[in-house]
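S.K.: sequence isn't available, so here's the structure alone:
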Ligand SMILES: [Zn+2]
């Protein structure tokens, strides 16, 4: 019986297995002499998640895309107003 990768809930074997791209780890690159962190690479993979986690991930991604769209529209509106004022 598979478990949800995020919350650990047991998923029945006959239930639909929902897969989402989740962060599975990270790799830290250090500079040699100083041992300071120079880069952190996130590693993502497709994992089985439960319905609740899939819904929350989808709504979070949708709200992020929604705010990107609102930002682009606001930027276009500002450019339009500046063009109208110039004439
Ligand atoms: Zn879950």
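M.R.: Sure thing, it's come through. A quick note: this is a predicted structure, and the numbers were derived from the prediction, not measured. Numbering: from 1, shown residues only.
S.K.: from the chain's centroid, how far away is stretch 7-27?
M.R.: Relative to the centre of its chain, stretch 7-27 is centred 15 Å away, using CA atoms, centre = their mean, to the nearest Å.
S.K.: run through who's touching it.
M.R.: Under the criterion CB atoms under 8 Å, 6 or more residues apart in numbering, residues 1-6, 40-54, 57 lie in contact with stretch 7-27. Bear in mind the C-beta positions are built from the backbone N, C-alpha and C, glycine included.
S.K.: try 10 Å this time
M.R.: Identification of contacts with stretch 7-27 by CB atoms under 10 Å, 6 or more residues apart in numbering yields 1-6, 39-58, 61.
S.K.: residue 30: what's it in contact with?
M.R.: By CB under 10 Å, 6+ apart, the residues touching residue 30 are 36-39.
S.K.: would you mind listing what in the chain touches the ion?
M.R.: Proximity of the chain to the ion is confined to 4, 6-7, 9, 50, 53 under the rule CB under 5 Å from the ion.
S.K.: which of those are buried?
M.R.: By neighbour count, with 16 or more other CB atoms under 10 Å, the residues of the chain next to the ion hold 4, 6, 50, 53 as buried.
S.K.: and the third one, what's its pLDDT?
M.R.: pLDDT, the model's per-residue confidence, is 94 for residue 50.
S.K.: excluding chain neighbours, what is closest to it?
M.R.: Nearest residue to residue 50 in three dimensions, chain neighbours excluded: residue 4, at 3.9 Å (CB to CB, 6 or more residues apart in numbering).
S.K.: tell me which residue lies nearest the centroid of the protein.
M.R.: Relative to the mean C-alpha position of the chain, the nearest C-alpha, by CA atoms, centre = their mean, is the one of residue 61, at 6.2 Å.
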